[in-house]
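Peer 1: Sequence and predicted structure below; questions after.
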Amino acid sequence: MTKHEADRPVRHDWTLSEIIAIHDSPLLDLIARANRVHREFQDVNDVQKASLLSIKTGGCPEDCGYCPQSAHHGEVHLDKIEMMPSQAVLDIAARAKAAGADRFCMGAAWRNVRDGAQFDAVLEMVRGVRALGMEACVTLGMLNESQAARLKQAGLTAYNHNLDTGPEFYKNIVTTRTYEDRLATLQAVRGAGLEMCCGGIIGMGESVADRAAMLQVLAGFDPHPESVPVNALVPVAGTPLGQSERIDPLDFVRMIATTRIVLPKARVRLSAGRSDLNREAQILCMVAGANSIFYGEALLTTQNVAENEDDALFAALKAPARAAKPVRVE
Ligand code: SAM
Ligand code: DTB
Ligand code: SF4
């Protein structure tokens with residue numbers, strides 16, 4: 001075990017007012033504290049590149065207000081794509097690995113996982129991604145314990161299921177499922193021994209207290225989620241949140257710094273919305289504790305940062321090469 005993985009205690013009992021006070025502290029104090037915590041718990045030069053692919057796009061029965069893939073938002077222009085063939089997915093994963101990605105994340109616009117041929121195909125994709133020597137993550141909506149166990153058996157590293165926002169604000173964004181539904185899936189994920197990838201979105205009209213409340217719920221998990229995506233809303237025309245204003249990049253920095261302080265061991269992923277940040281703002285997010293990005297031209301249905309721009313960003317960081325992690329295929 002390296003000094004960065006040392007078994008330092010983390011807190012599960014952050015109060016809402018403590019988290020808000022951190023979030024609202026003077027910006028330079030906040031960034032300095034987050035960076036101190038980051039250095040204490042992690043190797044700051046180790047920035048993960050995760051590649052993202054939508055394996056089944058659009059037509060989702062849920063009504064998430066931010067999401068272009070919901071069938072409830074009839075005005076969105078989106079090419080629906082039925083489940084991709086496994087081999088096509090694995091070819092893309094192999095290309096992502098060759099381009100330098102270490103994690104491959106696959107998303108399906110499902111309300112929940114159903115047993116059958118499509119789930120079997122996902123299991124095959126997971127096995128294939130692991131055989132390439134990459135971490136594998138999927139996000140498939142709600143799932144039960146036996147499905148989580150089958151994913152674990154296929155070698156899945158982590159399951160992504162976001163809380164999106166705080167418990168109070170959640171009902172303003174989604175009405176077709178509850179916060180408790182999200183928590184039940186996360187419990188199934190943990191029960192199967194999978195890593196938990198769980199975060200949220202800022203810029204949906206929520207307050208700082210809502211953001212802090214989400215972090216408080218995340219900190220309550222024992223262990224903490226292994227990775228925490230922090231997304232800024234990508235407003236998509238035709239969705240209920242399509243006319244939202246883009247967040248101030250410094251709000252992104254504040255949220256990332258607060259996440260780093262509250263969840264010191266997690267990989268904090270600077271996720272959707274990164275393409276609105278210039279190089280220096282992205283680096284400020286990394287100084288504040290972000291240590292993972294989505295790498296590749298596209299997120300699920302919207303554009304991400306061009307790969308050559310990210311290659312230039314990483315070149316500018318001059319980070320020492322990352323040691324290859326041994327991959328265990330079960
Ligand atoms: N259907 C599954 C679910 O919701 O759990 C998985 C796919 S869903 C698209 C994955 C996550 O993407 C959502 O939980 C949300 O946090 C994020 N997301 C979706 N649309 C977004 C947008 N317009 N801006 C930022 N994040 C978004
Ligand atoms: C996450 O937190 N962000 C990613 C991933 N997990 C699945 C998805 C972002 C989606 C952004 C909107 C889109 O491209 O459709
Ligand atoms: Fe469906 Fe997931 Fe989009 Fe919600 S976020 S509409 S569950 S794909």
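Peer 2: That came through, no problem. Ligands and ions are numbered 1, 2, ... in the order given.
Peer 1: List the buried residues of stretch 244-260.
Peer 2: By neighbour count with 16 or more other CB atoms under 10 Å, stretch 244-260 contains the buried residues 244, 247, 249, 251-260. C-beta: built from backbone N, CA, C; applies to glycine.
Peer 1: same check, this time on stretch 113-126
Peer 2: For stretch 113-126, the neighbour count (16+ other CB under 10 Å) marks 113, 118-119, 121-123, 125-126 as buried.
Peer 1: Equivalent analysis for stretch 293-302, please.
Peer 2: Residues 293-296, 299-301 are the ones in stretch 293-302 that count as buried (16+ other CB under 10 Å).
Peer 1: and these near ligand 2, which?
Peer 2: 299-301 (CB under 6 Å from any ligand atom).
Peer 1: Just name the closest of the residues you listed to Leu183, please.
Peer 2: Closest approach between those and Leu183, by CB to CB: Leu300, at 23.1 Å.
Peer 1: So the closest one is in contact with Gly107, correct?
Peer 2: Yes - with contacts counted by CB atoms under 8 Å, Leu300 reaches Gly107, the gap being 5.1 Å.
Peer 1: want to throw the ones next to ligand 2 among the buried residues of stretch 293-302 into JSON lines with secondary structure and distance to Asp102?
Peer 2: Shown next, in JSON lines, are these (DSSP: H, G, I helix; E, B strand; the rest coil; distance: CB to CB, whole Å):
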{"residue": "Leu299", "secondary structure": "coil", "distance to Asp102": "18"}
{"residue": "Leu300", "secondary structure": "coil", "distance to Asp102": "19"}
{"residue": "Thr301", "secondary structure": "coil", "distance to Asp102": "23"}
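Peer 1: Nearest to ligand 3 among those?
Peer 2: Leu300 (7.9 Å; CB to the nearest ligand atom).
Peer 1: Helix, strand or coil: sort out the nearest residue to that closest one once chain neighbours are set aside for me.
Peer 2: Spatial nearest neighbour of Leu300, excluding adjacent residues (CB to CB, 6 or more residues apart in numbering): Ser54 at 4.2 Å. The three-state label given to Ser54 by DSSP: H, G, I helix; E, B strand; the rest coil is strand.
Peer 1: I'd say Ser54 and Gly107 touch.
Peer 2: Yes - with contacts defined as CB under 8 Å, Ser54 counts as touching Gly107 at a distance of 5.2 Å.
Peer 1: okay, and the common contacts of those two?
Peer 2: Residues within reach of Ser54 and of Gly107 at once, by CB atoms under 8 Å, 6 or more residues apart in numbering, are Leu300.
Peer 1: surely Ile104 meets Ala50?
Peer 2: Slight slip there: residue 104 is Phe, not Ile. Yes - taking CB under 8 Å as the contact criterion, Phe104 and Ala50 are neighbours in contact, 7.5 Å apart.
Peer 1: ok so, going back, could I get the buried residues of stretch 244-260 in a markdown table, plus columns for pLDDT and distance to ligand 3?
Peer 2: What follows is those, written out as a markdown table (pLDDT from 0 to 100; distance: CB to the nearest ligand atom, whole Å):
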| residue | pLDDT | distance to ligand 3 |
| --- | --- | --- |
| Ser244 | 96 | 16 |
| Ile247 | 96 | 19 |
| Pro249 | 97 | 24 |
| Asp251 | 97 | 22 |
| Phe252 | 97 | 20 |
| Val253 | 98 | 25 |
| Arg254 | 98 | 24 |
| Met255 | 98 | 19 |
| Ile256 | 98 | 21 |
| Ala257 | 98 | 26 |
| Thr258 | 98 | 24 |
| Thr259 | 98 | 20 |
| Arg260 | 98 | 25 |
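Peer 1: What is the nearest of these to Val189?
Peer 2: Ranking the buried residues of stretch 244-260 by separation from Val189, with CB to CB as the measure, puts Thr259 on top at 19.3 Å.
Peer 1: Great, nothing more from me.
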